[in-house]
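# this one's structure only:
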């Protein structure tokens with residue numbers, strides 16, 4: 001049996017027909033599905049290019065193919081391509097296949113409406129909260145409140161009608177978007193033994209400069225990089241010798257670079273862009289003292305879990321599933337640069353507390369290894385496969 005999966009990630013295709021990605025969802029990601037299904041077909045946006053940019057990883061391969069959609073960006077482009085997208089998705093629906101919607105997602109919503117009309121079962125992988133994803137400050141668009149209402153409504157309906165739902169959180173998403181049928185809480189993080197440091201870090205009183213790091217896309221300001229830059233400015237004004245490393249890229253990067261210039265922090269903020277692979281990200285994490293993610297919208301952030309695996313103390317906001325990962329003493333409200341600055345100073349000036357956080361985070365991250373999570377994922381996939389066979 002083949003499983004059809006929806007993804008919001010944008011991919012590229014070279015003239016030889018191979019599909020490529022910059023970091024997320026490489027071919028290895030789909031191997032977990034192939035443990036239950038014979039083939040995987042991915043519905044996603046794909047851009048045709050003549051030459052392969054550097055740092056790309058192949059996404060398709062043996063038993064993994066793609067159903068390419070127009071590579072639109074933004075609501076207007078989606079509407080302009082709506083009927084073409086609809087036709088392509090409609091052609092991809094066969095009664096013999098299983099379907100998994102990764103939500104919240106425009107693409108998933110289009111597929112779900114077709115499946116619902118035909119009475120075909122589907123499963124849901126709930127990886128993001130539309131309530132937070134379209135909350136104030138996450139994007140600048142006049143229709144943001146409308147998008148929020150629509151996507152929340154879709155997400156509730158999709159989880160209510162799914163034969164099975166896999167939530168990346170243990171409690172948070174389950175409370176907001178319940179499923180009356182089979183459900184399970186299992187993160188989509190994929191950590192191997194090689195992703196972990198062997199021993200927690202030991203922090204001593206700081207007498208030299210400090211380095212904090214943030215990993216996240218600049219496509220929208222979900223990750224709160226603007227708040228983090230403001231907090232850094234406050235820390236420096238309070239006498240902290242500190243540097244910020246920003247990993248990621250997207251349309252708002254130039255806006256953040258201008259903000260850094262306006263605050264005259266060019267020597268203190270280092271934009272590293274999108275790094276080619278996990279190892280490069282880990283090298284940056286290993287060189288830094290503290291991971292900070294002041295998100296406005298999250299379900300269960302992989303970047304925090306990956307930082308925990310490198311023994312980094314982590315500061316985050318008290319939203320979404322972040323409190324499931326971080327103890328309350330390392331949480332701050334979203335959109336509060338002053339509270340964040342105080343928390344950064346408090347953490348870095350408390351070596352005993354910071355050392356303890358490194359130990360606790362390393363232990364917590366072990367709950368997210370492939371060995372621990374794969375069995376739960378396979379159970380979820382089997383429930384969808386069995387429901388499909390019954391129709």
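The structure has been received and is ready for your questions. All of these numbers come straight from a predicted model, not from anything done at the bench.

# from here on, contacts and neighbour counts on C-alpha atoms
Noted.

# how about the closest residue to residue 197 other than its chain neighbours, phi and psi?
Spatial nearest neighbour of residue 197, chain neighbours left out: residue 310 (5.3 Å); criterion: Cα to Cα, 6 or more residues apart in numbering. In terms of degrees, to the nearest 10, the main-chain angles of residue 310 are phi -100, psi 10.

# any figure for the gap between residue 310 and residue 79?
With distances taken as Cα to Cα, to the nearest Å, residue 310 is found 42 Å from residue 79.

# also residue 5?
Per Cα to Cα, residue 5 is found 22 Å from residue 79.

# higher neighbour count, the two?
residue 5 (24 against 12; other Cα atoms under 10 Å).

# what are the ranges of the strands in the stretch 201-350 of the chain?
Along the stretch 201-350 of the chain, counting by DSSP state E, counting those that start in this stretch, strands occupy 210-215, 242-247, 269-273, 290-293, 314-317, 331-332.

# among those strands, which is nearest residue 169?
Nearest to residue 169, of all the strands of the stretch 201-350 of the chain, is strand 314-317, at 15.5 Å by Cα to Cα.

# name the helices or strands packed onto that closest one?
With contacts defined as 3 or more Cα pairs under 8 Å, 6 or more residues apart in numbering; DSSP states H and E, the packing partners of strand 314-317 are strand 290-293, helix 302-309, strand 331-332.

# how about these in a markdown table, adding distance to residue 204?
Below are those laid out as a markdown table (distance: least, Cα to Cα, whole Å):
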| stretch | distance to residue 204 |
| --- | --- |
| strand 290-293 | 13 |
| helix 302-309 | 19 |
| strand 331-332 | 22 |
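
# tell me how the chain divides into domains.
As assigned by automatic domain parsing, the chain contains the domains 2-189+369-390, 193-367.

# as CSV, these with mean pLDDT would be great.
Converted to CSV, these look like this (pLDDT from 0 to 100):
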stretch, mean pLDDT
domain 2-189+369-390, 94
domain 193-367, 94
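
# what's the burial count for residue 255?
Residue 255: 12 neighbours (other Cα under 10 Å).

# same deal with residue 298?
23.

# which phi and psi does it have?
phi -160, psi 150.

# need the contact list for it.
128-129, 132-133, 222, 319-322 (Cα atoms under 8 Å, 6 or more residues apart in numbering).

# select only the buried ones of the residues you listed in ChimeraX?
Buried subset of the contacts of residue 298, written as a ChimeraX selection, criterion 16 or more other Cα atoms under 10 Å:
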select :128,129,132,133,222,319,320,321,322
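
# and which of the contacts of residue 298 is nearest residue 63?
Of all the contacts of residue 298, residue 63 sits closest to residue 128, with 27.3 Å by Cα to Cα.

# thought the closest one was touching residue 104?
Yes - the pair residue 128 / residue 104 is scored as a contact, 5.9 Å apart, by Cα atoms under 8 Å.

# in the helix ranked longest in the chain, what counts as buried?
Across the chain, the longest stretch assigned as helix under DSSP state H is helix 370-390. Within helix 370-390, the residues that count as buried by 16+ other Cα under 10 Å are 370, 373-374, 376-378, 380-385, 387-388.

# circling back: so who does the residue nearest to residue 197 touch?
Counted by Cα under 8 Å, 6+ apart, residue 310 has contacts 195-197, 282, 285-286, 362.

# how close does it get to residue 359?
Distance from residue 310 to residue 359, counting by Cα to Cα: 10 Å.

# how about residue 151?
Taken as Cα to Cα, the span from residue 151 to residue 359 is 38 Å.

# so which of the buried residues of helix 370-390 is the closest to residue 91?
For the buried residues of helix 370-390, the nearest to residue 91 is residue 388 (18.3 Å; Cα to Cα).

# residues in contact with the closest one?
Per Cα under 8 Å, 6+ apart, neighbours of residue 388: 96-98, 120-122.

# which one (most neighbours) among those residues?
Neighbour counts for the contacts of residue 388, by other Cα under 10 Å, peak at residue 122, which reaches 27 neighbours.

# could you find the closest non-adjacent residue to it?
Using Cα to Cα, 6+ apart and skipping the chain neighbours, the partner closest in space to residue 122 is residue 99 (4.9 Å).

# which strands or helices does the helix or strand harbouring the one you found pack on?
Element membership for residue 99, per DSSP states H and E: strand 98-103. Using 3+ Cα pairs under 8 Å, 6+ apart, the elements in contact with strand 98-103 are strand 2-13, helix 106-118, strand 123-126, helix 370-390.

# try it again at 6 Å.
Other elements packing on strand 98-103 under the criterion 3 or more Cα pairs under 6 Å, 6 or more residues apart in numbering; DSSP states H and E are strand 2-13, strand 123-126.

# okay if I get the ones you listed as TSV plus distance to residue 158?
As requested, those are exported to TSV (distance: least, Cα to Cα, whole Å):
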stretch	distance to residue 158
strand 2-13	13
strand 123-126	7
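
# residue 91: which of those is closest?
strand 2-13 (12.0 Å).

# ok, then the element right after the closest one?
Counting by DSSP H and E, what follows strand 2-13 is strand 19-21.

# show me what that following strand is packed up against.
Judged by 3+ Cα pairs under 6 Å, 6+ apart, strand 19-21 is in contact with strand 2-13, strand 57-58.

# centre of the chain to that strand, how far?
18 Å (Cα atoms, centre = their mean, to the nearest Å).

# neighbouring contacts of the helix or strand following that strand?
Reading on from strand 19-21 to the C-terminus, the next helix or strand found by DSSP H and E is strand 39-48. The contact list for strand 39-48 (Cα atoms under 6 Å, 6 or more residues apart in numbering) reads 2-7, 10-13, 63-71.

# just the buried residues of those.
Buried among the contacts of strand 39-48 (16+ other Cα under 10 Å): 2-7, 10-13, 64-71.

# who touches stretch 365-376?
190-192, 305, 308-309.
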